[in-house]
Each structure stands twice: as C-alpha cells, then as structure tokens.
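K.L.:
give me a model of this one.
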Amino acid sequence: MTQRMPEIHLSSSRMTRRQVVGASALAAAGSFGALRVPVVGAQDGVEVTWTSWGNTGEVANLREFTDAFNASQSEIVAVYNPVPTDGYDARLLTTLNGGTAPDLFYVGDGQVSLLIENDVVADLTELLSSDASQSRPEQFAGDLWGPAETPDGRLYGVPVDCNPLVLWYNKTILQEAGFTDMPADIYEAGNWNWDTFQSMLDAVTETGKRGLVLADWWALRYSWVTNNGGAIYADGRFVANEDPQSMEAFQWLADNIAAEKILFSGSLPEGQGDDAMFMSGQLAFVSLGRWGLPLFRQNDNLDYDIVPYPTNTGNTIEPSGVAVAYWMMNAALSNPDQAFVFYTHFVSPDGQAARLDTGGNAVPSIEGVEEVVLSDDEPEHKQYFLDARDIGYGPLREEAGTPGLSTRINDLFSTLWLDGGDVQAALDEVATTANTMIEENAG
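P.N.:
Coordinates of the predicted model:
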C-alpha cells in the first residue's frame with residue numbers, strides 16, 4: 001500500500017447522512033460505478049467487486065493477486081477496478097450515494113469515521129470472529145484499529161497492511177558532517193536519544209544541508225510527542241496542552257523549525273518534497289514508512305539505512321505513528337457472506353504475504369508473515385520496521401473518529417509552524433477546538 005496523504009479535506013462541520021448520501025453533484029464519469037465491467041466466467045460464481053487507489057506497479061500486483069484468487073476456486077469471482085489516487089475519496093462518496101459503489105474498498109483514515117457515522121459501511125465484528133474468518137482481530141499486530149473500531153468495540157474494517165514510521169538517514173551527509181557512528185549503531189548501543197539527534201541536526205545544518213522535514217500530518221507530528229513520553233488524548237479529550245512532556249515536545253519542534261534545523265513542509269517551494277530532497281542529497285533524515293524503499297533503492301548513489309525515532313525518556317524505543325488504510329465493506333450488499341470470502345483472504349497471513357512479497361512497500365498488519373520484510377536485502381536494519389509496528393499506534397480514534405477534526409488541527413499547527421508564536425497559546429486553541437468538536441460529534 002502506498003502511503004497516501006488525504007487528497008481532499010472533508011468539511012470541519014459535521015456532515016449529516018443526508019449530505020453524504022445525498023450529494024449527487026459529483027456523480028459523473030470516472031466514478032467507481034462507471035468502471036464496473038462484465039467478467040468472463042462470472043456466471044460460474046458470485047461476483048464481488050472491489051477497488052483501491054495505487055500506482056502502476058501496485059495496480060498490476062493487485063490484478064495478479066485477484067486473478068490468482070479467482071483461479072484458486074469457483075464460488076467467488078473477484079473483479080478489481082482500480083481508481084487513481086486523485087479524487088478517490090470524492091468518488092467513493094459519490095458511488096455510495098448513487099448505489100454503484102463496489103462491494104469492498106480501501107478507505108483512508110480521514111474518511112472512516114464519516115462512513116461509519118452515515119451507516120454506509122458494514123459492521124464486520126461478527127464476521128471477523130466467525131469460523132469463516134482467516135483474519136481474526138487478535139491476529140493483527142500493534143494498536144492499528146484507529147477509527148475503524150468504535151468506542152463500544154465494533155469493528156468496521158481492518159488495516160489493509162501498514163507502514164510504521166521510522167527515520168531514514170543519508171549516511172553520506174552524516175559522514176560529511178563529522179559523524180562516524182551511524183544512527184543504527186548508536187541505537188543498538190542504547191544511546192539513540194534526543195541529545196544525539198539534536199547534535200546531528202546542528203552539525204548537518206552547519207554544512208549547509210537540511211536535517212529533517214516535518215510534514216503536515218498527525219503521525220509525524222505526534223510521533224515526537226510520544227517519543228518524549230507525552231500524551232495527546234486521554235479519556236476522550238485532547239490533553240497535550242496540559243501535559244508537560246507533550247508541551248516540551250511541541251516546544252522542541254517549534255524551536256528547531258524557527259532555527260531552520262527542521263523544515264516545515266508547508267514552507268517548501270511548490271513541488272518540492274522531503275523524499276526528493278533526501279534522494280538528491282540535501283536532507284539528512286526523512287520520516288517515512290516502508291513505502292520509501294522502492295524509490296530509494298533505485299538510486300545507486302544513495303547510501304541509506306533506517307532507525308526508530310530517537311527517544312527522550314531513557315527507553316530504547318517508544319511508540320510512534322503507523323500509517324494505515326482500512327479495508328471496508330459496502331453496507332448495502334445482499335451477499336456479505338460471499339464478499340467476506342475475498343475480504344478475509346485479502347488481509348489474511350497468506351493474502352498479505354502474496355500481496356507484499358514483491359519487493360513491497362508496506363509491512364504486514366497481521367502477525368506471522370514477517371519474513372516478507374526480513375527476506376528483503378534492504379534496508380540493512382529492516383527489523384526496525386517490525387519493532388516500530390509492534391509498539392506503534394494507528395490513527396488516534398478521538399481525532400480520526402471525529403469528522404473534520406484532523407483537517408482543523410492540521411490548519412492550526414500549520415499556522416504555528418509558519419508564523420511562530422506562543423506554543424502554549426497555540427496548543428490551548430487546538431485543545432478548545434478539538435474538545436468542542438469531539439463533544440459535538442458525540443452528541
């Protein structure tokens with residue numbers, strides 16, 4: 001799964017079922033429904049349609065996976081209709097509105113709560129724990145459920161796979177800045193902490209290169225908080241503005257951004273991204289999941305490795321964010337049991353191994369197929385992907401589960417990073433906004 005930043009922002013105001021399932025203005029060519037095509041041999045089994053976003057290589061891989069599934073049995077005929085990433089969210093809403101949505105589909109973390117709230121995705125709790133399930137909830141690693149699990153424990157989707165965030169580093173840049181011990185070596189020695197990382201940011205900046213880019217995204221922002229032992233939410237409320245460790249982390253980010261030792265992505269020229277800066281030898285560290293591997297391994301001049309986030313707690317490793325998309329089912333299906341046959345195979349150990357065993361760009365979200373990651377030659381310390389997955393966390397339920405809240409919080413942090421100002425005052429505003437929206441959504 002390619003990590004996909006949300007490509008549309010849902011309104012920060014709460015959308016009603018009528019607005020979501022009644023918005024027909026977007027019903028047009030290019031929607032999922034328009035892509036449904038007859039399948040040769042479909043009369044021999046129940047047809048199950050599904051869709052995802054993806055780049056060219058991913059789409060080809062998923063077509064092969066679907067064909068292999070169809071060849072393995074005759075009861076179900078899976079039909080894969082991929083859709084470009086741009087516009088995916090809007091098209092999904094359109095087809096759910098028009099009754100032409102696929103049976104199964106990928107959903108980004110920012111859209112999950114809206115679909116659950118408006119009763120357009122199926123409650124899979126019983127199916128996932130049934131005898132028919134090849135992907136039972138207890139098999140999944142880490143704390144990745146996020147908004148797909150409601151406060152009362154109902155499950156509306158599972159992680160397709162996952163991408164634990166780590167720091168990729170350019171060895172050449174660090175060596176040119178005077179470092180002989182690389183971050184992975186320092187981590188193995190138990191000394192990979194904020195002081196060490198800060199010394200690297202300082203030294204790299206002195207050479208005229210850049211240390212790190214902070215993108216406008218929950219997982220990157222909050223990973224620094226949790227690696228300082230901080231809390232973002234507690235008892236359903238945003239509490240980072242009241243937590244000393246959280247405030248220390250946000251102040252540390254603000255200070256480094258002000259000193260230009262960490263760049264905020266919103267300040268970069270249009271079209272310039274952290275992965276391109278890393279590839280071109282301008283950036284020492286980039287925070288990505290395994291999705292960076294297919295790109296980085298193509299650059300013969302790039303000498304890289306990975307390391308978990310540095311901690312400021314005395315512990316060797318702390319929880320960091322894990323990027324996930326969710327695998328969900330249309331609530332309007334007349335054949336949910338048949339659709340579940342393909343659904344559960346797709347995210348089962350065998351299914352994830354088959355999908356990811358192609359020099360893959362993700363990490364299994366289910367336990368038991370770690371060899372998919374470990375058998376790859378790169379990066380050298382690939383075990384860290386699994387370590388970060390097992391201790392990490394998916395989208396925060398309080399935030400991702402409140403329609404529009406993530407977008408509003410991103411906007412508030414963007415203002416802080418771009419304009420500067422008092423960190424405490426900025427966090428107080430985030431808390432007021434978040435807790436008001438959470439209460440309104442609950443009401």
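K.L.:
and the nearest residue to A323 once chain neighbours are set aside, how many neighbours does it have?
P.N.:
Spatial nearest neighbour of A323, chain neighbours left out: N163 (4.1 Å); criterion: C-beta to C-beta, 6 or more residues apart in numbering. For the C-beta atoms, the positions are set from N, CA and C on the backbone; glycine is no exception. Under the neighbour criterion other C-beta atoms under 10 Å, N163 is assigned a count of 28.
K.L.:
N163 against A325, yeah?
P.N.:
No: judged on C-beta atoms under 8 Å, N163 makes no contact with A325 at a distance of 9.4 Å.
K.L.:
so which bits of stretch 432-443 are buried?
P.N.:
Judged by neighbour count (16 or more other C-beta atoms under 10 Å), stretch 432-443 contains these buried residues: 433-435, 437-438, 441.
K.L.:
can you list contacts of that stretch?
P.N.:
12, 14, 236-238, 398-399, 401-405, 408-409, 412 (C-beta atoms under 8 Å, 6 or more residues apart in numbering).
K.L.:
and these, which are buried?
P.N.:
12, 14, 238, 398-399, 401-405, 408-409, 412.
K.L.:
just those: which are in strands?
P.N.:
Using DSSP state E, the subset of these located in strands is F238.
K.L.:
can you put the buried ones among the contacts of stretch 432-443 in TSV and add distance to S223?
P.N.:
Formatted as TSV, the buried ones among the contacts of stretch 432-443 follow (distance: C-beta to C-beta, whole Å):
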residue	distance to S223
S12	24
R14	28
F238	17
E398	17
E399	14
G401	19
T402	20
P403	24
G404	23
L405	19
R408	20
I409	15
L412	18
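K.L.:
out of the buried ones among the contacts of stretch 432-443, who's nearest G45?
P.N.:
G401 (36.3 Å; C-beta to C-beta).
K.L.:
can you map out the strands along the stretch 101-250 of the chain?
P.N.:
104-108, 158-159, 163-164, 166-170, 212-214, 233-234, 237-238 (DSSP state E, counting those that start in this stretch).
K.L.:
tell me the most buried of the ones you listed?
P.N.:
Most buried of the strands of the stretch 101-250 of the chain, by mean neighbour count (mean count of other C-beta atoms under 10 Å): strand 163-164, with a mean of 30.
K.L.:
now that one: average pLDDT?
P.N.:
For strand 163-164, the mean pLDDT works out to 98.
K.L.:
elements contacting it?
P.N.:
strand 322-323, helix 383-391 (3 or more C-beta pairs under 8 Å, 6 or more residues apart in numbering; DSSP states H and E).
K.L.:
if we can go back for a sec, against G321, how distant is the residue nearest to A323?
P.N.:
To G321, N163 is 9 Å away according to C-beta to C-beta, to the nearest Å.
K.L.:
what of F179?
P.N.:
Taking C-beta to C-beta, one finds F179 at 26 Å from G321.
K.L.:
when those two are compared, which one has more neighbours?
P.N.:
Comparing F179 with G321 by other C-beta under 10 Å, the one with more neighbours is G321, at 27 against 20.
K.L.:
Y393 is in contact with the more buried one, correct?
P.N.:
Yes: between G321 and Y393 a contact is recorded at 6.5 Å, counting by C-beta under 8 Å.
K.L.:
which neighbours do these two have in common?
P.N.:
Contacts common to G321 and Y393, judged by C-beta under 8 Å, 6+ apart, are T226.
K.L.:
so I257 is in which element?
P.N.:
Assigned by DSSP states H and E, I257 falls within helix 244-258.
K.L.:
buried residues in that helix, which are they?
P.N.:
245-250, 252-254, 256-257.
K.L.:
now it, how far from the centre of its chain.
P.N.:
Its chain's C-alpha centre and that of helix 244-258 lie 23 Å apart, by C-alpha atoms, centre = their mean, to the nearest Å.
K.L.:
filter the buried ones among the contacts of stretch 432-443 down to just the ones in helices.
P.N.:
Counted as lying in helices by DSSP state H, out of the buried ones among the contacts of stretch 432-443, are 398-399, 405, 408-409, 412.
K.L.:
and which of those is nearest I306?
P.N.:
Closest to I306, out of all of those and judged by C-beta to C-beta, is E399, at 26.5 Å.
K.L.:
check what pLDDT the closest one gets.
P.N.:
Value for E399, per-residue pLDDT: 96.
K.L.:
pLDDT weak spots in the stretch 101-250 of the chain?
P.N.:
For the stretch 101-250 of the chain, no stretch is flagged by pLDDT under 70.
K.L.:
all helices for it, in order.
P.N.:
112-117, 125-128, 171-176, 183-188, 194-206, 218-226, 244-258 (DSSP state H, counting those that start in this stretch).
K.L.:
between those, which one is closest to L418.
P.N.:
Ranking the helices of the stretch 101-250 of the chain by proximity to L418 (C-beta to C-beta) places helix 244-258 first, at 8.9 Å.
K.L.:
got the angle for the closest one vs helix 218-226?
P.N.:
With axes from the mean of the first three to the mean of the last three C-alpha atoms, to 10 degrees as the basis, helix 244-258 and helix 218-226 are set at 120 degrees to each other.
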